[in-house]
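Q: Structure for the following, please:
(one chain, ligands or ions: 1)
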Amino acid sequence: MTLDDKQEGGAPPRLQMTGIAKSFGGVTALRGVDFTLRAGEIHGLVGENGAGKSTMMKIIAGVHTEYQGSLQIDGKEVHFRSAHDSLAAGISMVHQELSIVPDLTVAENVYLGKQPVTAIGTIDWSAMIRGAREQLKSLGIDVDPRTRIGSLPIGLQQLIELARVLFSGARIIILDEPTSALSPPEVQRLFEVLRRVRKDGRSIVFISHFLDDILNISDTVTVFRNGRHVITHSTEGIDKNWVIEHMIGRGHEGLEESYSGSIALSPKVEGTPVLQTQGLSFGRAYSDVSLEVHAGEILGVYGFMGCGQLELARTLFGKLRPAAGSIMLAGRNHVLHNTSQARQAGIAFVPESRRSMLFHHQPVYKNISISILEKISRLWLKPAAERATARGHVESLHIRPPLVNVPLGSLSGGNQQKVALAKWLTYMPKVLILSEPTRGMDVGAKDDVVKIVRDLRDKGLAVIVVSAEPETVLSLADRVVVMKKGRIVREFVNETISKDKLLEAA
Ligand SMILES: Nc1ncnc2c1ncn2[C@@H]1O[C@H](COP(=O)(O)OP(=O)(O)OP(=O)(O)O)[C@@H](O)[C@H]1O
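A: Residues are numbered from 1 along each chain as shown. You can find the predicted model right below:
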């Protein structure tokens with residue numbers, strides 16, 4: 001470790017974990033890992049999918065109670081037996097999956113489990129609503145605390161969940177992928193709050209695959225690889241390349257090249273588009289959207305979270321019925337009444353919430369083969385053939401562990417995402433719509449996805465990539481349209497663009 005374990009003045013660290021080991025059945029998640037968190041520190045934690053980040057943090061949060069090694073808070077040995085124990089010790093964690101209660105109001109969610117009470121012991125609704133409004137305001141969120149939270153866009157839900165933890169008074173706050181659904185301005189607001197929280201002497205662990213965010217907000221960075229602690233270093237004087245090198249443990253020539261800096265877009269493709277829309281509108285989500293995508297082309301649709309791009313993607317897959325406008329496939333008008341019509345027309349859609357569409361208790365190979373089973377069920381696909389298909393995808397996407405018989409639920413979040421993508425790659429559509437295809441993936445996995453999607457394009461597929469992450473769009477798209485408040489405001493063709501240009505347009 002290159003940092004001193006002692007805090008200034010010789011006080012013990014806020015949190016010290018030593019020699020932590022944890023296995024799940026035959027899978028070893030952590031192999032004797034050390035981790036130190038100091039008071040008033042924002043500590044970035046990075047590593048490839050499956051490196052053990054979430055497992056380590058879930059031990060602190062009292063989710064995993066069986067492990068080896070020592071856990072000390074302010075110099076005192078503790079062993080949490082439940083999430084409740086951990087909360088009582090002043091530790092709060094926001095998991096990758098949101099844990100809000102969709103049917104409750106915003107205020108109830110902010111105060112979940114600790115509602116203010118009146119002198120006579122009833123819930124103090126007015127204090128709760130007032131308190132929630134103030135807390136949210138400091139995060140720049142202007143929303144009526146009486147709104148049902150499930151009716152709000154996902155980015156807002158994520159911010160509200162963060163608000164709950166940030167204002168809980170916890171001394172140790174663990175944020176696992178907190179910015180995945182946030183727009184750039186929302187990320188900036190979150191960072192301002194995190195800096196305020198740090199000033200109060202509270203400590204934050206920030207897990208993310210967005211290395212720019214990690215370097216921007218953290219004081220210290222720790223890298224895990226394959227269940228081991230690789231290095232801990234002050235963020236001063238290190239850069240993204242340094243982090244990637246330690247994450248993957250080898251040179252990374254070629255990796256991320258397409259993400260950083262500028263990229264050159266392709267000229268417009270001539271001929272009849274495989275898919276085209278004219279004046280497409282859907283309620284308040286988006287209106288008057290005209291776009292086209294050709295065979296052998298990747299169209300990027302970029303916009304901040306909640307600008308209508310997710311609804312647009314769903315419409316193109318027959319999940320939503322447009323209020324106006326038309327969709328044409330190979331130059332002919334098509335009315336898509338449902339998703340099976342879209343599939344028959346050769347359209348595939350990988351949604352951003354793909355993990356919810358998987359079967360967590362089923363083995364990996366079943367999850368991958370399910371879409372071809374549907375397509376060629378009459379052929380009585382044999383399990384051996386299913387496994388063989390799955391193995392091919394597990395290999396090309398570098399899914400870890402590389403086992404097709406283990407239950408999907410035992411994989412790390414990022415690896416589950418890869419399985420979800422593999423599932424859709426098994427059947428060859430004409431149009432492939434990908435919503436947030438690399439969310440939650442580490443740099444290496446992103447690179448694998450980029451290669452696979454480009455390969456599909458080269459085989460003649462028309463691909464639409466919908467994303468609120470500029471890097472995702474830049475790394476994949478041949479041509480980009482930018483959406484803002486439900487409208488296409490800009491198209492970039494045959495020119496060199498950068499992240500700044502995209503952000504500016506959005
Ligand atoms: N509940 C579980 N049952 C079985 N195996 C598990 C379980 N949770 C995690 N693992 C395994 O432990 C290893 C570490 O997973 P973990 O979720 O900690 O990784 P991570 O670094 O957080 O990855 P990601 O960036 O993808 O979220 C992985 O191999 C994973 O498959």
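
Q: Spell out which helix or strand contains the residue of the stretch 351-500 of the chain found nearest the ligand, please.
A: The stretch 351-500 of the chain approaches the ligand most closely through Gly414 (2.9 Å), counting by C-beta to the nearest ligand atom. Every C-beta, even on glycine, is put in place using the N, C-alpha and C of the backbone. Counting by DSSP states H and E, the element that carries Gly414 is helix 413-425.

Q: what packs against that helix?
A: Secondary-structure packing of helix 413-425 (3 or more C-beta pairs under 8 Å, 6 or more residues apart in numbering; DSSP states H and E): strand 347-350, helix 364-375, helix 383-396, helix 443-458.

Q: Please identify the most buried of these.
A: strand 347-350 (a mean of 22; mean count of other C-beta atoms under 10 Å).

Q: as a whole number, average confidence for it?
A: The average pLDDT within strand 347-350 is 87.

Q: Quick check: the residue nearest to Asp212 when sequence neighbours are not counted vs Met247, distance?
A: Excluding the flanking residues, the one nearest Asp212 by C-beta to C-beta, 6 or more residues apart in numbering is Lys240, at 7.0 Å. To Met247, Lys240 is 10 Å away according to C-beta to C-beta, to the nearest Å.

Q: sorry, back to before: by mean pLDDT, show me the worst of the helices and strands packed on helix 413-425.
A: Across the helices and strands packed on helix 413-425, helix 364-375 gives the lowest mean pLDDT, at a mean of 75.

Q: Show me what from this structure comes close to the ligand.
A: 24, 27, 29, 47, 49-55, 401, 410-415 (C-beta under 6 Å from any ligand atom).

Q: circling back to that earlier point, Lys240 and Met247 - which one has more neighbours?
A: Met247 (23 against 15; other C-beta atoms under 10 Å).

Q: which residues touch the more buried one?
A: Val46, Gly47, Glu48, Ala51, Val223, Arg225, Val230, Asp442, Val443, Gly444 (C-beta atoms under 8 Å, 6 or more residues apart in numbering).

Q: Please identify the helix or strand for it.
A: Going by DSSP H and E, Met247 is part of helix 240-248.

Q: buried sites along that helix?
A: Neighbour-count burial for helix 240-248 flags Trp242, Val243, Ile244, His246, Met247, Ile248 (criterion: 16 or more other C-beta atoms under 10 Å).

Q: List buried residues within the residues of the chain next to the ligand.
A: 27, 29, 47, 49-55, 401, 410-415.

Q: Just to be sure, which of the residues you listed are found in helices?
A: Lys53, Ser54, Thr55, Gly413, Gly414, Asn415 (DSSP state H).

Q: Can you pull out the residues in contact with stretch 365-372?
A: Contact with stretch 365-372 is made by 358-359, 381, 383, 386-387, 389-391, 393-394, 404-405, 408, 419-420, 422-424, 426-427, as judged by C-beta under 8 Å, 6+ apart.

Q: Any figure for the gap between the closest residue to Ile298 other than its chain neighbours and Gly271?
A: Counting by C-beta to C-beta, 6+ apart, Val463 is the residue found nearest to Ile298 once chain neighbours are left out, at 4.4 Å. Distance of Val463 to Gly271, given as C-beta to C-beta: 16 Å.

Q: Pro407 too?
A: Going from Pro407 to Gly271 by C-beta to C-beta gives 46 Å.

Q: Lys430 too?
A: Going from Lys430 to Gly271 by C-beta to C-beta gives 14 Å.

Q: With neighbour numbers in mind, choose between these two.
A: Counted by other C-beta under 10 Å, Lys430 and Gly271 do not tie: Lys430 has more neighbours, with 16 against 8.

Q: now, which of the ones in helices among the buried ones among the residues of the chain next to the ligand sits nearest Asp142?
A: Gly413 (30.9 Å; C-beta to C-beta).

Q: show me the contacts for that closest one.
A: Neighbours of Gly413 in contact, by C-beta under 8 Å, 6+ apart: Asn49, Ser54, Gln96, Glu177, Arg355, Gly440.

Q: Farthest pair within the residues you listed?
A: Maximum pairwise distance among the contacts of Gly413 (C-beta to C-beta): 13.5 Å, between Ser54 and Arg355.

Q: these two touch, right, Thr105 and Ile149?
A: Yes - here Thr105 reaches Ile149: they are 6.7 Å apart, a contact under C-beta atoms under 8 Å.

Q: Looking at the two, which is more packed in?
A: Comparing Thr105 with Ile149 by other C-beta under 10 Å, the one with more neighbours is Ile149, at 23 against 20.

Q: Could you check how far that one is from His95?
A: Distance from Ile149 to His95, by C-beta to C-beta: 16 Å.

Q: what does Gly150 give?
A: For Gly150, the distance to His95 - C-beta to C-beta - is 18 Å.

Q: More neighbours: those two, which one.
A: Shown here are Gly150 and His95; by other C-beta under 10 Å, His95 has more neighbours (17 against 13).

Q: pretty sure that one contacts Asp176?
A: Yes - using C-beta under 8 Å, His95 is in contact with Asp176, at 5.5 Å.

Q: which residues do the two both contact?
A: Ser54.

Q: so where's the stretch 351-500 of the chain uncertain?
A: 354-356, 371-382, 427 (pLDDT under 70).

Q: now for whichever helix or strand comes after the helix holding Gly414, which elements pack on it?
A: Note on helix 413-425: by DSSP H and E, the next helix or strand toward the C-terminus is strand 431-435. Here strand 431-435 touches helix 309-316, strand 347-350, helix 443-458, strand 462-467, going by 3+ C-beta pairs under 8 Å, 6+ apart.

Q: one more time with 10 Å
A: Applying 3 or more C-beta pairs under 10 Å, 6 or more residues apart in numbering; DSSP states H and E, one finds that strand 431-435 makes contact with strand 286-293, strand 297-302, helix 309-316, strand 347-350, helix 413-425, helix 443-458, strand 462-467.

Q: Now do Asp154 against Ser353, distance only.
A: I think there's a mix-up here, since residue 154 is Ile and not Asp. Applying C-beta to C-beta to Ile154 and Ser353 gives a distance of 8 Å.

Q: Who has more neighbours out of these two?
A: The neighbour comparison of Ile154 against Ser353 (other C-beta under 10 Å) goes to Ile154, with 16 against 12.
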